[in-house]
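> got a sequence here, can you model it:
(one chain, ligands or ions: 1)
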Amino acid sequence: MATVLTIRGGVPLTGQVSVRGAKNLVPKAMVAALLGSDASVLRNVPEIKDVDVVTSLLRLHGVEVVKEPQTGDLRLDPTKVKTAQMKDIDAHAGDSRIPILFCGPLIHAIGEAFIPDLGGCKIGDRPIDYHLEVLRQFGAVVEKREGGISISAPKGLKGAKLSLPYPSVGATEQVLLTATRAEGITELSGAAIEPEIMDLIAVLQKMGAIITVQTDRVIRIEGVRDLTGFKHRALPDRNEAASWASAALVTQGDIYVAGARQGDLTAFLNTYRKVGGSFDIDDNGIRFYHTGRKLSPLVLETDVHPGFMTDWQQPLVVGLTQAQGVSIVHETVYENRFGFTEALVRMGANIQLHRECLGSVPCRFGQRNFLHSAVISGATQLKGAEIHIPDLRGGFSHLIAALAATGSSRVTGIEIINRGYEHFQSKLEALGADFDVH
Ligand code: EPU
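Numbers count the residues shown, from 1 in each chain. Below you'll find the predicted structure:
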């Protein structure tokens, strides 16, 4: 039977939570271990579903994944890597988007890869055309099969001059994981440069890769024949940190996020301050709090790094329902990341969605039929409602809306939150939230 969370709102969240390794780095560093000729050790690994999915896929391919019981560190040994049974891989169809990143490393290790149909949050079409195009340019042959795609490289993978139409995080990682052991030089222009990508580059450099990040989103990789294992501590999850920061704002609370790092959150911190949230930074984390004064509306556009990240948008929108006046948010990364506002409107928020680009720069969704701009008028008192969680960040946003609302909310679909928020129920409990789980 599905788990139901009953939340009684109105309690300011107060206390401390810790964030560990980033969901958007850890599974990819695990995939990188496949490229090594000996074992790797990954530290600061959170207990989230995306890590479980990748662990299971690696094991199917013969990689020994051992979790150190005390610390949770992962030891990943790829020395017995092998072809997996298609039906076993297929059982993971729809679980996550990470499997697409197995392509390059598996071709280097065993000459072929079968990738199941992908999962991940339903926040847009989320195609994989950039991934397949760069793989083809490396010399891979891509065939559509029932339940997934099959990829091989009969003539080996060769470095190439590549250019992405948009700085996609996943496609940049695809290039990094494929090019490091491809023959010759790869030059990628239009690359994404998110902190998680820089951390993946750090992992690959420890393994022996030669990667230069140049100006203007150009990354140059000199292929090497062999890589070793790595020992690495994953960078902290800045998206989880920003989510707890918004939770403090929305519930008029005060949360110290241990592990949060200023350098990864610059754009978020500027916005948080403009809305009227306050923060104190020390060497071990960041304290985020509501000052008790009214919050201010703002005009905001999501963007690729170093801009305001799309994953911060959803929790912050809940904060903007509590700001005095009209805010405008233009989502330029995903065409369909405002679906979660439907529940907020039912809870009493005043939010209108628009197809136009309500921002300073027209984005690639402007002349199409996507509701990708939001106008939020506040402040509105939120009230409890029945909520079914649609996606990871939207779901967390619903939780914090319910925690700030008057009355109680009945929330289903909370399993999705476990994909990216480690132990979120015990963290909520530690912060004083009033809820039951049945
Ligand atoms: N895109 C294409 N074709 C492709 C790949 C991407 O058109 O082949 C488009 C996407 O549809 C999207 C844009 O390019 O409109 C950017 O997508 P990107 O490839 O950058 O996203 P991703 O790699 O699939 C990662 C994170 C997301 C995060 C984005 C943007 C992981 C596992 N996921 O997704 O995180 O929002 O980068 O920074 O790293 C989340 O954590 O909740 C989450 C969705």
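
> least trustworthy helix or strand in this structure by mean pLDDT?
Least confident helix or strand of the chain, by mean pLDDT, DSSP states H and E, is helix 86-90 with a mean of 77.

> buried ones in that one?
89-90 (16 or more other CB atoms under 10 Å). Yep, even glycine has a C-beta here, placed from its N, CA and C like the rest.

> ok, now stretch 127-143?
128, 130-135, 137-140, 142.

> contacts for it, please.
100, 103-104, 107, 118, 149-160, 162, 164-166, 168, 170-171, 174-175, 178-179, 182, 186 (CB atoms under 8 Å, 6 or more residues apart in numbering).

> at 6 Å instead, please
100, 103, 149-153, 155, 157-158, 160, 162, 164, 168, 171, 174-175, 178, 182 (CB atoms under 6 Å, 6 or more residues apart in numbering).

> in helices, which of these fall?
Those of those mapping onto helices are 103, 171, 174-175, 178, per DSSP state H.

> also near the ligand: which of these, exactly?
With CB under 6 Å from any ligand atom as the criterion, the ones in helices among the contacts of stretch 127-143 include residue 171 near the ligand.

> can you tell me which of the ones in helices among the contacts of stretch 127-143 is nearest residue 389?
residue 171 (27.8 Å; CB to CB).

> that closest one: what's it in contact with?
By CB under 6 Å, 6+ apart, the neighbours of residue 171 are 130-131, 164.

> which residues of the chain score low on pLDDT?
For the chain, the stretches with pLDDT under 70 are 1, 93, 119-125.

> looking at it, which residue lies furthest from center?
When distances are taken from the C-alpha mean of the chain, residue 155 lies farthest, 34.1 Å away, according to CA atoms, centre = their mean.

> ok, back up a step: tell me the one of the ones in helices among the contacts of stretch 127-143 nearest the ligand?
residue 171 (5.2 Å; CB to the nearest ligand atom).

> where does the spatially closest residue to the closest one that is not a sequence neighbour fall, secondary structure wise?
Leaving aside its chain neighbours, residue 171 sits nearest to residue 130 (3.8 Å; criterion: CB to CB, 6 or more residues apart in numbering). Per DSSP states H and E: residue 130 is located in helix 129-137.

> how about that helix as CSV, C-alpha atoms only?
C-alpha atoms of helix 129-137 as CSV (Å, rounded to 0.1, in the frame of the first residue of the first chain):
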residue,chain,number,x,y,z
ASP,A,129,19.3,13.4,-28.9
TYR,A,130,22.5,15.3,-27.8
HIS,A,131,23.8,12.2,-26.1
LEU,A,132,23.2,10.0,-29.2
GLU,A,133,24.6,12.6,-31.6
VAL,A,134,27.9,13.0,-29.7
LEU,A,135,28.3,9.2,-29.3
ARG,A,136,27.8,8.9,-33.1
GLN,A,137,30.5,11.5,-33.6
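
> that helix vs helix 169-179, what angle?
20 degrees (axes from the mean of the first three to the mean of the last three CA atoms, to 10 degrees).

> immediately after helix 129-137, which helix or strand?
Per DSSP H and E, the helix or strand that comes after helix 129-137 is strand 141-145.

> quickly run through the sheet partners of that next one, with directions.
Counting by DSSP bridges, the strands paired with strand 141-145 are strand 148-152 (antiparallel).

> briefly note if the partner strand comes near the ligand.
No - using CB under 6 Å from any ligand atom, we find that strand 148-152 stays clear of the ligand, coming within 12.6 Å at best.

> hmm, who's touching that strand?
Contacts of strand 148-152 (CB under 6 Å, 6+ apart): 103, 112-117, 140-143.

> go through that strand and flag the buried ones.
148-149, 151-152.

> what about the helices in the stretch 251-400 of the chain?
Ranges of helices in the stretch 251-400 of the chain, per DSSP state H, counting those that start in this stretch, are 266-275, 310-320, 341-346, 392-404.

> packing partners of the longest one?
On a contact count with 3 or more CB pairs under 6 Å, 6 or more residues apart in numbering; DSSP states H and E, helix 392-404 meets helix 238-250, helix 310-320.

> what about the last one, distance to the chain center?
Offset of helix 310-320 from its chain centre (CA atoms, centre = their mean, to the nearest Å): 14 Å.

> count the neighbours of the residue of the chain found nearest the ligand for me.
Closest approach of the chain to the ligand (CB to the nearest ligand atom) occurs at residue 170, with a separation of 2.8 Å. When neighbours are defined as other CB atoms under 10 Å, residue 170 has 21 of them.

> over to residue 283?
Other residues near residue 283 come to 5 when the count uses other CB under 10 Å.

> pop the domain breakdown of the protein in here.
Under the assignment automatic domain parsing, the domains of the chain span 4-19+236-437, 26-233.

> how far off centre is the shortest one?
For domain 26-233, the distance from its own C-alpha centre to the chain's C-alpha centre is 15 Å (CA atoms, centre = their mean).

> now do the contacts for residue 372.
331, 335, 365.

> who wins for neighbours among those?
residue 331 (29 neighbours).

> circling back to that earlier point, wait, what's in contact with the residue farthest from the centre of the chain?
Contacts of residue 155 by CB under 6 Å, 6+ apart are residue 139.

> from now on call the first residue 479
Got it, the first residue is 479 from now on, which makes the last one we talked about residue 633.

> show me the strands in the stretch 529-678 of the chain, by range?
542-545, 552-555, 590-594, 619-623, 626-630, 639-641, 663-667 (DSSP state E, counting those that start in this stretch).

> near the ligand, anything from the shortest one?
No - against the ligand, strand 639-641 shows no contacts by CB under 6 Å from any ligand atom, the least distance being 12.7 Å.

> run through the neighbouring helices and strands of that strand.
Short answer (3+ CB pairs under 6 Å, 6+ apart): strand 639-641 packs on strand 663-667.

> and the strand it packs on, what does it pack onto?
With 3+ CB pairs under 6 Å, 6+ apart as the test, strand 663-667 has strand 639-641, strand 696-700 packed against it.

> tell me which element residue 710 falls in.
Residue 710 belongs to strand 709-711, assigned by DSSP H and E.

> what residues does that strand touch?
Identification of contacts with strand 709-711 by CB under 6 Å, 6+ apart yields 519-522, 681.

> can we see that at 8 Å?
By CB under 8 Å, 6+ apart, strand 709-711 touches 499, 507, 518-522, 680-681, 684.

> buried set for it?
residue 710.
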